[in-house]
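>>> sequence first, then the predicted structure, then my questions.
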Amino acid sequence: MLAMLPNNLMNIPKCEDLVQCAFNLNEFEVSIYRKLVEVGPSRADEIAEAIGRDRSTVYRSLQKLLSCGIVFRETRSIERGGYFHVYIPISKQMMIEKLERCVDEWYQRMISILSKFGEDF
């Protein structure tokens, strides 16, 4: 039965691939999330330095992760005035729950499409 699934669904051998597919992320964006999980709450410039990429590139990826709901941002004050943002990944358990919801939503859509198969095909 699994052999009948389309290649794009069969070629998800790793968790990173599932995260990419579920949230429409690229490898770099997933690597940013993984780095945050590894090092904990960080500023964009700290992440950029850790992975050897430009801060603006990292910032754009963080914005995408924020919009997906797998990273959140805290604003912290500087004692002498000003502020900075710290990016915090959701926990692995929360990620699993989000992925389970994505898979369940996809499954429910497929069931809905199948229920209309006779009408639409």
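Thanks, I have it. Numbers count the residues shown, from 1 in each chain.

>>> what are the buried residues along the helix or strand encompassing C102?
Here C102, judged by DSSP states H and E, is contained in helix 92-115. By neighbour count, with 16 or more other CB atoms under 10 Å as the criterion, the buried positions of helix 92-115 are M95, K98, L99. For every residue, glycine as well, the C-beta is placed using N, CA and C.

>>> which residues touch the last one?
By CB atoms under 8 Å, 6 or more residues apart in numbering, L99 lies in contact with L18, V19, A22.

>>> helices - which of those residues land there?
In this view, those that belong to helices under DSSP state H are L18, V19, A22.

>>> list just the nearest of these to A50.
Using CB to CB, V19 is the member of those that sits closest to A50, with 19.6 Å.

>>> which stretches in this structure count as strands?
Counting by DSSP state E, the chain forms strands over residues 71-77, 83-89, given from the N-terminal end onward.

>>> between these, which one is closest to E119.
Nearest of the strands of the chain to E119, taken as CB to CB: strand 71-77 at 41.5 Å.

>>> okay, buried residues for that closest one please.
When neighbours are counted by 16+ other CB under 10 Å, the buried residues of strand 71-77 are found to be V71.

>>> also stretch 54-72?
Within stretch 54-72, the residues scored as buried using 16+ other CB under 10 Å are V58, Y59, S61, L62, K64, L65, C68, I70, V71.

>>> show me which of these is closest to E46.
Distance ranking of the buried residues of stretch 54-72 against E46, using CB to CB, places V58 first at 9.3 Å.

>>> quick check, pLDDT for the spatially closest residue to the closest one that is not a sequence neighbour.
Nearest residue to V58, sequence neighbours excluded (CB to CB, 6 or more residues apart in numbering): A48, at 4.3 Å. Model confidence at A48, given as pLDDT, is 97.
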